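J.: Need the 3D shape of this:
(one chain, ligands or ions: 2)
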Amino acid sequence: MNPVNNPYTPGAGVPPPELAGRETILIHAENAIMRTKNRKAAKSLILLGLRGVGKTVLLNRIDQIAETVDCRTAIFEADPERTLPELLTPQLHRLLLQLDRRKRVSGEVRKAFGLLRGFANAFKVKFGDFEFGLSNEMVTGDLTIDLTDLMVAIGEAAKSRNTVAAIMIDEVQYLTGSGFGALIVALHKISQRQLPLLFFGAGLPQLAKLAGDAKTYAERLFDYLSIDRLDNESARVALIEPAKRESVTYGDDALEIILRETDGYPFFLQVWGSHIWEIASTSPITAKHAKDATKTAVQALDKGFFRIRLDRLTYRQQEYARAMASFGSSPAASTAVAKILGITVKQAAPIRDEVIKKGMAYSPRRGLVAFTVPKFDEFIKRNE
Ligand SMILES: Nc1ncnc2c1ncn2[C@@H]1O[C@H](COP(=O)(O)OP(=O)(O)OP(=O)(O)O)[C@@H](O)[C@H]1O
Ligand SMILES: [Mg+2]
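T.: Ligands and ions are numbered 1, 2, ... in the order given. Predicted coordinates for the structure are as follows:
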């Protein structure tokens, strides 16, 4: 097919041509925003899922929904190299400017600007001049206290403007040090005060445990939504609809093959769709096209997506991953992995922790460890 018309979008955070199977999640998010807007209680949301299931795409979509109903949003990705104040300051500054766009500066907005300026100073964030931060409000230098005060001030500023402030953070598992804990405390205060500020987070499945470890009440503070592979029906839609718009159809046997090979994982669906588009010269797409595309798609993933991730691990960590892979796609018991490596569980623990910290694995339950990258076990086996 003409590559210029290839509708598929394999990538990171690239909106798919058809956002299939996520209606319930989007409605959940929209309801939280609308309830907050109408001064009803609503919980902040955390989207949890493996690599490539579409968390970033959903977070961006929620951001768009929030903006269409006139909310003020701040959206960014956590980065293990940067502190929460560094990441938050410019975003909150932008949010406050938006709150200010139409009317004269209100007392609440001015206070929030002042607090943000103090916050940036206290945590040594280099940031340009604050337009309205004429005086530094009280800050203590304690992240939890100052972040709470700042978020409360922003919630009050949003309230004074009759709107909702939404803070969206992607890859939350990478928030360093006390950042995540401080954020949870601040959100707890916001919810107690019933202020119109919502948090939308996205990250790897270990995030639920990290939140629980930071504060036990986190479990009750958030709605955790699990973002998984698409069911067969939605996976079909994700493939068929974009092609249909280009007057291309799929044979049933071709679809069967793609669904089996991709397991319904959104990123893989885009990769397969894109490869098939390059291979097939006529519509409908056949089983032969699907089989040929499987070869080139797997090669491309092995050289890119999978290889890059394996290369991020040290030799010792790669050995750990190889031992995990021998258990296939199901979670492995840490004790069994250690046994394969011929070391004790205690010796294996720091290696496992590093693999988890690098975002390659997570612990679905105590004593178990699983890959965060779908089909990573198959890649390792192919390349042994
Ligand atoms: N519902 C969907 N239907 C079809 N394709 C989708 C869907 N959601 C996401 N995709 C596609 O899947 C790919 C991965 O999406 P995205 O980057 O949002 O995943 P992610 O969960 O954030 O991954 P990571 O954990 O690596 O950041 C993109 O190519 C995107 O276009
Ligand atoms: Mg992402």
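J.: hey, let's count contacts and neighbours off CA atoms from now on
T.: Noted.
J.: my guess is Asp263 meets Arg229, correct?
T.: Yes. With contact defined as CA atoms under 8 Å, Asp263 counts as touching Arg229 (7.2 Å).
J.: Tell me which of those two has more neighbours.
T.: Ranked by neighbour count (other CA atoms under 10 Å), Asp263 and Arg229 place Arg229 first, with 22 against 18.
J.: can you tell me which residues contact the more buried one?
T.: 53, 263-266 (CA atoms under 8 Å, 6 or more residues apart in numbering).
J.: Just to be sure, which of those residues are found in helices?
T.: Pro266 (DSSP state H).
J.: so which of the contacts of Arg229 comes closest to Glu156?
T.: The shortest approach to Glu156 among these belongs to Val53, at 35.2 Å (CA to CA).
J.: Now do the contacts for that closest one.
T.: With CA under 8 Å, 6+ apart, Val53 has these contacts: 227-229, 265-267.
J.: Which one of those residues sits in the busiest neighbourhood?
T.: Neighbour counts for the contacts of Val53, by other CA under 10 Å, peak at Pro266, which reaches 25 neighbours.
J.: and stretch 280-287, what's its mean pLDDT?
T.: Mean pLDDT, computed over stretch 280-287, is 96.
J.: actually stretch 164-181, not the one I wrote
T.: 92.
J.: about what we covered before: the contacts of Val53: which ones sit near ligand 1?
T.: Restricting the contacts of Val53 to those touching ligand 1 (CA under 6 Å from any ligand atom) yields 266-267.
J.: Which stretches in the stretch 1-150 of the chain count as helices?
T.: Taking DSSP state H, counting those that start in this stretch as the test, the helices found in the stretch 1-150 of the chain are 23-37, 55-68, 84-100, 107-122, 143-160.
J.: For this protein, what lies in contact range of ligand 1?
T.: The chain comes close to ligand 1 at residues 9-16, 18-22, 50-57, 238, 266-267, 270, as judged by CA under 6 Å from any ligand atom.
J.: hang on, the earlier thing: farthest-separated two in the contacts of Arg229?
T.: Among the contacts of Arg229, the pair separated by the greatest distance (CA to CA) is Val53 and Asp263, which sit 11.2 Å apart.
J.: the strands in the protein, which residues?
T.: 44-48, 72-77, 165-170, 197-203, 222-226, 332-333, 361-362, 368-371 (DSSP state E).
J.: export the second one as PDB, just CAs?
T.: So the one you mean is strand 72-77. Below are the C-alpha coordinates for strand 72-77, written out as PDB (Å, rounded to 0.1, in the frame of the first residue of the first chain):
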ATOM      1  CA  ARG A  72      -6.600  24.400  33.800                       C
ATOM      2  CA  THR A  73      -4.000  21.700  33.500                       C
ATOM      3  CA  ALA A  74      -0.300  21.000  34.000                       C
ATOM      4  CA  ILE A  75       1.100  17.900  32.400                       C
ATOM      5  CA  PHE A  76       4.600  16.500  32.500                       C
ATOM      6  CA  GLU A  77       6.700  13.300  32.700                       C
END
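J.: what does that strand contact?
T.: Residues outside strand 72-77 that contact it (CA under 8 Å, 6+ apart) are 63, 66-67, 87, 91-92, 94-95, 98-99, 163-172.
J.: What residues does the closest residue in space to Tyr250 that isn't next to it in sequence make contact with?
T.: Excluding the flanking residues, the one nearest Tyr250 by CA to CA, 6 or more residues apart in numbering is Ile285, at 4.6 Å. Remark: with contacts taken as CA under 8 Å, 6+ apart, Ile285 is in contact with 248-251, 254, 276.
J.: now do 10 Å
T.: 243, 248-255, 276-277, 279 (CA atoms under 10 Å, 6 or more residues apart in numbering).
J.: These in helices, which ones?
T.: Where these overlap with helices, as defined by DSSP H, the overlap consists of 243, 252-255, 276-277, 279.
J.: Can you say which of the residues you listed are buried?
T.: 243, 254-255, 276-277, 279 (16 or more other CA atoms under 10 Å).
J.: per-residue confidence for whichever residue of the stretch 201-350 of the chain sits closest to ligand 1?
T.: Among residues of the stretch 201-350 of the chain, the one nearest ligand 1 by CA to the nearest ligand atom turns out to be Phe267. It sits 3.5 Å away. As predicted, Phe267 sits at a pLDDT of 97.
J.: Quick check: chain neighbours aside, which residue is closest to it?
T.: Distance criterion CA to CA, 6+ apart; nearest residue to Phe267, sequence neighbours excluded, is Gly52 at 5.0 Å.
J.: give me the number of residues near the one you found?
T.: Gly52: 22 surrounding residues under other CA under 10 Å.
J.: Tell me who's in contact with it.
T.: Remark: with contacts taken as CA under 10 Å, 6+ apart, Gly52 is in contact with 10-13, 227-229, 265-268, 372-374.
J.: for Ile308, same thing?
T.: Ile308 makes contacts with 301-302, as judged by CA under 10 Å, 6+ apart.
J.: again with Arg220
T.: Residues 43, 188, 212 are the ones in contact with Arg220 under the rule CA under 10 Å, 6+ apart.
J.: for the chain, which spans come out with low pLDDT?
T.: Low-confidence segments of the chain, defined by pLDDT under 70, span residues 102-105, 128-137.
J.: the domain parsing of it - what is it?
T.: For the chain, the domain assignment from automatic domain parsing gives the residue ranges 23-226, 234-303, 313-382.
J.: Arg352 contacts Ala321, correct?
T.: Yes. Using CA atoms under 10 Å, Arg352 is in contact with Ala321, at 8.8 Å.
J.: Name the residues contacting each of these two.
T.: Here Arg352 and Ala321 have 337, 360-361 as joint contacts, going by CA under 10 Å, 6+ apart.
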